[in-house]
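1. sequence and predicted structure are below.
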Amino acid sequence: MIATIAELREIASRVTDPEIPVLTIADLGILRDVEMEDGTVVVTITPTYSGCPAMDAITEDLGIVFKESGYDNVRVNLVLSPAWSTDWMTESGKTKLEAYGIAPPTGTGHRGPVTLGLAVKCPQCHSLNTKELSRFGSTACKSMYQCKDCLEPFDYFKVLS
């Protein structure tokens, strides 16, 4: 079976993030490359951070989705450089995050001290009247916030670059 790179990428893009199942690995921006090398599908992914526990599940899911599509030989390469950035997330992915109840990253990452407070929009009522409860949320790439208007707690996907 010979497929185009676009077809292989579409197959890989069916895999969802096990921690945020509404996002595909393409939405999240961790799907870096898909190619065919001597009859082996080679998928390159970059974790959101170097200790991301979801990488094993994503690697396994990639093997499954390709096997289901008729490709028995699959290799997944984890690449740490360049480091993943929230800039790699698709606009569709950010929209899906918000609909799921997680505030998407806004702006771009900053280097050095930040002197201004970050206004994070509540994904439920869209108020900017929110406060950070914890620098770390359900995963290291998220912070825990609460809306002061509707009182709902929510995760905020941190800006990383």
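-> Received it, and whenever you're ready, just let me know what you need. Numbers count the residues shown, from 1 in each chain.
2. hey, let's count contacts and neighbours off CA atoms from now on
-> Noted.
3. closest to the centroid, which residue in this protein?
-> For the chain, the residue sitting closest to the mean C-alpha position, by Cα atoms, centre = their mean, is L28 at 3.0 Å.
4. contacts only, for it.
-> 17, 86, 88-90, 93 (Cα atoms under 8 Å, 6 or more residues apart in numbering).
5. which parts of the protein belong to which domain?
-> If the domains of the chain are taken from automatic domain parsing, they occupy 5-84, 88-157, with pieces of a single domain joined by a plus sign.
6. now the strands for the chain?
-> Along the chain, the segments classed as strands by DSSP state E run 31-37, 40-45, 74-78, 102-103, 130-134, 142-147, 153-157.
7. a markdown table for these, including mean pLDDT?
-> What follows is the strands of the chain, written out as a markdown table (pLDDT from 0 to 100):
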| stretch | mean pLDDT |
| --- | --- |
| strand 31-37 | 95 |
| strand 40-45 | 97 |
| strand 74-78 | 96 |
| strand 102-103 | 90 |
| strand 130-134 | 89 |
| strand 142-147 | 89 |
| strand 153-157 | 89 |
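8. just those: most buried one?
-> Counting by mean count of other Cα atoms under 10 Å, strand 102-103 has the highest mean neighbour count of these, with a mean of 26.
9. now for that one, which elements pack on it?
-> Secondary structure elements in contact with strand 102-103, counted by 3 or more Cα pairs under 8 Å, 6 or more residues apart in numbering; DSSP states H and E, are strand 153-157.
10. what would the strands of the chain look like in TSV with distance to T59?
-> Supplementary listing: these in TSV, determined by distance: least, Cα to Cα, whole Å:
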stretch	distance to T59
strand 31-37	11
strand 40-45	9
strand 74-78	6
strand 102-103	24
strand 130-134	30
strand 142-147	22
strand 153-157	22
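11. list only those of the contacts of L28 flagged as buried.
-> Among the contacts of L28, those scoring as buried are 17, 86, 88-89, 93 (criterion: 16 or more other Cα atoms under 10 Å).
12. least reliable of the domains of the chain going by mean pLDDT?
-> Comparing those by mean pLDDT, the weakest confidence falls on domain 88-157, with a mean of 83.
13. end to end on that one, go ahead and measure it.
-> 13 Å (Cα to Cα, to the nearest Å).
14. hmm, back to that, for F66, state which of the buried ones among the contacts of L28 is nearest.
-> Minimum distance to F66 across the buried ones among the contacts of L28 is 16.2 Å, recorded for D17 (Cα to Cα).
15. so the closest one makes contact with T24?
-> Yes: applying Cα atoms under 8 Å as the test, D17 and T24 come out as touching, 5.8 Å apart.
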